[in-house]
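S.K.: how does the following fold in three dimensions:
(one chain, ligands or ions: 2)
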Amino acid sequence: MRYAILGGSFNPVHNGHLYLAGLALAEGYDCVIMIPANQSPFKPHLPLQGKSDKDSPLPPPCGGGWGGVSPQDRLDMLAASIPPAMPITIDDCEINREGVSYTIDTVKDIIKRYGPDGKLGLILGNDLKQDFHLWKNAEEIQSLCDILWKDRLGDISSTLVRKKIENNEEWRYLVPNGARYIIEDRNLYTSSLRASAPPREIFQLINRIETEVRALVNTTRYIHSRSVAITATALARHFGLDPSRAYLAGIAHDIAKQIEPGPMTHGKAGAQLLKDRFGFGKNEKDILEAVEKHTTGAPGMCDLAKIIYISDKIEPARRKVRPEYRNLGLWPTIDSLLACVIEDVFEILKEKGKIPSPDTIKLLEGLQ
Ligand SMILES: [Fe+2]
Ligand SMILES: [Fe+2]
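M.R.: Ligands and ions are numbered 1, 2, ... in the order given. Below you'll find the model as predicted:
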């Protein structure tokens, strides 16, 4: 195997790191090994701790890095960010070695343990070229490795990400999703508490379920589901329901649409799938009801179920939807909106020569 190594503080890992790894793979390396430095250097430009002994002061001790981020946090973010099935791996040798690691020691260690075919690749940013000769045993490094000098992706850097988080600016699309969720969960790189943010668990659940939906339905259906989720979020906000739960129910509502049809409606099958595969239970009763009943509705269904029923019918990808539905201010209650949507549904069914479900008729009667 031909290996290339990519060191760094990964504080946090960002998309530019994965891009560099991708460049090495594109050049024919079979595997890229990402190696987080033990200490979180205050000097932001060190990809590997390769500088000479003369350099001081030393970075702060282990665990006391920027924003209280520990080596374990950095390692966890990396592990959560490497894309599945890509030949990118992580080696924690520098963290285990503790103290300051020098590139030369890491290179020797990697060569010894991995036994690469040919020379080891060492990925370094072009910004480090100028001072490279000052690194400890720079010549020896060059004799043991092919150095892959690369331009960094745009201006993305860990420093930039940290600054943006601290300043409450947009940063989320600069890092892989896995790192993002850990940063948010553990409140990393920020001194301000996100008191108003909803609990993270629901976002993790959304992430898992949305991944599943993507796998189970085609792109058109996925776009529809996404549109329903976003419409439902807006309705929930307007009518005072939990927007995250509305998103979750919306994204999941057609999860079983393209599964082998059985005796159940796809709504019922979807609710069953959420129970079986994701352990949905009494805490998710409203979401299960919304998914189960979204096709026909049912008398006495909960407000979230009403919102999903409505969103499914009025999301923007649906043609022939009344423009009034876009102006939520016109609708004093969920029920007033629901009644109007159901009447439209009956109209459409009539045009197609179909009869409405008894459940929908009863639902409408209950509203009037
Ligand atoms: Fe559906
Ligand atoms: Fe749908």
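S.K.: which bits of the chain sit near ligand 2?
M.R.: Within the chain, the positions near ligand 2 by C-beta under 5 Å from the ion are 254, 312. The way it works is simple: take the backbone N, C-alpha and C, and place the C-beta from them, glycine included.
S.K.: closest point of the stretch 151-300 of the chain to ligand 2, which residue?
M.R.: When scored by C-beta to the ion, the stretch 151-300 of the chain has residue 254 as its residue closest to ligand 2, at 4.4 Å.
S.K.: and the residue nearest to that residue when sequence neighbours are not counted, how many neighbours does it have?
M.R.: What sits nearest to residue 254 in space, not counting adjacent residues and going by C-beta to C-beta, 6 or more residues apart in numbering, is residue 225, at 5.3 Å. Neighbourhood size, residue 225 [other C-beta atoms under 10 Å]: 23.
S.K.: same question, the one 4 residues further on
M.R.: Residues contacting residue 229 under the criterion other C-beta under 10 Å number 24.
S.K.: which ones are touching the residue nearest to residue 254?
M.R.: 213, 217, 250-255 (C-beta atoms under 8 Å, 6 or more residues apart in numbering).
S.K.: please give the element, helix or strand, for residue 4.
M.R.: Under the criterion of DSSP states H and E, residue 4 resides in strand 3-8.
S.K.: and the contacts of that strand?
M.R.: By C-beta under 8 Å, 6+ apart, strand 3-8 touches 17, 20-21, 24, 29-37, 46-49, 91, 94, 103, 106-107, 110, 114, 116, 120-123, 148, 158.
S.K.: thinking again about what came up before, just how off-centre is the helix or strand containing the residue nearest to residue 254 within its chain?
M.R.: Element membership of residue 225 [criterion: DSSP H and E] is helix 219-239. A distance of 18 Å separates the centroid of the chain from that of helix 219-239, by C-alpha atoms, centre = their mean, to the nearest Å.
S.K.: buried ones in it, by neighbour count?
M.R.: 221-222, 224-233, 235-236, 239 (16 or more other C-beta atoms under 10 Å).
S.K.: any low-confidence regions in this protein?
M.R.: The model of the chain has pLDDT under 70 over residues 39-67, 192-200.
S.K.: now the strands for it?
M.R.: 3-8, 31-36, 88-90, 120-125, 145-150 (DSSP state E).
S.K.: who touches the residue most central in space within the chain in this structure?
M.R.: With distances taken as C-alpha atoms, centre = their mean, residue 177 lies nearest the centre of the chain, 3.1 Å away. Residue 177 makes contacts with 81, 207, as judged by C-beta under 8 Å, 6+ apart.
S.K.: on that earlier part again, in a markdown table, list the strands of the chain along with mean neighbour count.
M.R.: Converted to a markdown table, those look like this (neighbours: other C-beta atoms under 10 Å):
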| stretch | mean neighbour count |
| --- | --- |
| strand 3-8 | 25 |
| strand 31-36 | 24 |
| strand 88-90 | 18 |
| strand 120-125 | 23 |
| strand 145-150 | 17 |
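S.K.: which residues touch residue 77?
M.R.: 10, 12-13, 175, 178-179, 182-183 are the contacts of residue 77 under C-beta under 8 Å, 6+ apart.
S.K.: give me the buried positions along stretch 235-251.
M.R.: Neighbour-count burial for stretch 235-251, with 16+ other C-beta under 10 Å as criterion, is recorded at 235-236, 239, 241-251.
S.K.: same question for stretch 327-343.
M.R.: For stretch 327-343, burial by neighbour count (16+ other C-beta under 10 Å) applies to 331, 334, 337-342.
S.K.: first-to-last residue distance for that stretch?
M.R.: 18 Å (C-alpha to C-alpha, to the nearest Å).
S.K.: and the helices in the stretch 101-250 of the chain, which stretches?
M.R.: Taking DSSP state H, counting those that start in this stretch to define them, one finds helices in the stretch 101-250 of the chain at 103-114, 138-144, 158-166, 177-186, 200-216, 219-239, 243-252.
S.K.: can you list contacts of the second one?
M.R.: What that stands for is helix 138-144. 50, 103-104, 107-108, 111, 119-120, 122, 132, 135, 147.
S.K.: recalculate using a threshold of 7 Å.
M.R.: The contact list for helix 138-144 (C-beta atoms under 7 Å, 6 or more residues apart in numbering) reads 103-104, 107, 111, 120, 122, 132, 135.
S.K.: what's the most distant pair in those residues?
M.R.: 111 and 132 (19.2 Å; C-beta to C-beta).
S.K.: before we move on, back to that, dump the strands of the chain to a markdown table, plus distance to residue 365.
M.R.: Listed next are the strands of the chain as a markdown table, based on distance: least, C-beta to C-beta, whole Å:
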| stretch | distance to residue 365 |
| --- | --- |
| strand 3-8 | 64 |
| strand 31-36 | 62 |
| strand 88-90 | 59 |
| strand 120-125 | 68 |
| strand 145-150 | 67 |
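S.K.: okay if I get the contacts of helix 138-144 as TSV plus distance to residue 266?
M.R.: Output for the contacts of helix 138-144, formatted as TSV (distance: C-beta to C-beta, whole Å):
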residue	distance to residue 266
103	56
104	60
107	56
111	55
120	53
122	53
132	60
135	61
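S.K.: just those now: which is nearest residue 348?
M.R.: Closest to residue 348, out of all of these and judged by C-beta to C-beta, is residue 122, at 63.7 Å.
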